[in-house]
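Engineer: From the sequence below, what's the structure:
(one chain, ligands or ions: 1)
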Amino acid sequence: MKKVLPIGEIDRSWSLFLDRDGIINERIVDGYVRNPAEFVILPDVREAMAHLRRRFGRIFLVTNQQGIGKGLMGVQDLEQVHGYMEAELEFPFDRIYFCSELAAANSPFRKPEIGMALQAQRDFPEVDFSRSVMVGDAVSDMLFGEKAGMYTVFIPGAAASWPDADLQCESLYDFAQRLKKRTR
Ligand SMILES: [Mg+2]
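Structural biologist: Next up, the predicted model:
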């Protein structure tokens, strides 16, 4: 059910959950980012993260990476990519959660299931889903946010549209700008 994201009320008691591919970096259609050279950060993400970092108390990355489950890359490759990402973005995440299992395995940690959100709440007990925002470009991201009781922000990408999103933005930078202006 669609809600209205109270942008002006977002302060450091809030948590932000971010999808990776299509939000932070360019999504590789039908493929996986297997090394830092393939990790292309989207325009103005660094600036957006700097603002979001000031606004939200906690920021988490929640990413499905079944390329590992398929044997196309290893956990070490993913860690290398994330090391590069964190260095480029100046370490913006409180924690990175990933699910390496195949979609067919029906893992409770794979979005749209909310295992990664529940883990974040165990790791950071101050996380309150009613004061949390999930930003993503896929239906699984939006369902993840909805199921956990978060607000959802949709950025077109892996899915073309998601009418039930609480807010739609063009990019992570656009979302950060709206927060800055406190406009809806
Ligand atoms: Mg994505």
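Engineer: Where does pLDDT dip in this protein?
Structural biologist: Residue ranges of the chain with pLDDT under 70: 183-184.
Engineer: what does it put close to the ion?
Structural biologist: 19, 21, 22, 137, 138, 158 (Cβ under 5 Å from the ion). Heads up, the C-betas are built off the backbone N, CA and C, glycines and all.
Engineer: CSV please, covering those and showing secondary structure.
Structural biologist: Below are the residues of the chain next to the ion laid out as CSV (DSSP: H, G, I helix; E, B strand; the rest coil):
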residue, secondary structure
19, coil
21, strand
22, coil
137, coil
138, coil
158, coil
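Engineer: Among those, find the one with the greatest number of neighbours, please.
Structural biologist: residue 19 (27 neighbours; other Cβ atoms under 10 Å).
Engineer: my read: that one touches residue 62, true?
Structural biologist: Yes - using Cβ atoms under 8 Å, residue 19 is in contact with residue 62, at 6.6 Å.
Engineer: residues shared between the contacts of the two?
Structural biologist: 111, 134 (Cβ atoms under 8 Å, 6 or more residues apart in numbering).
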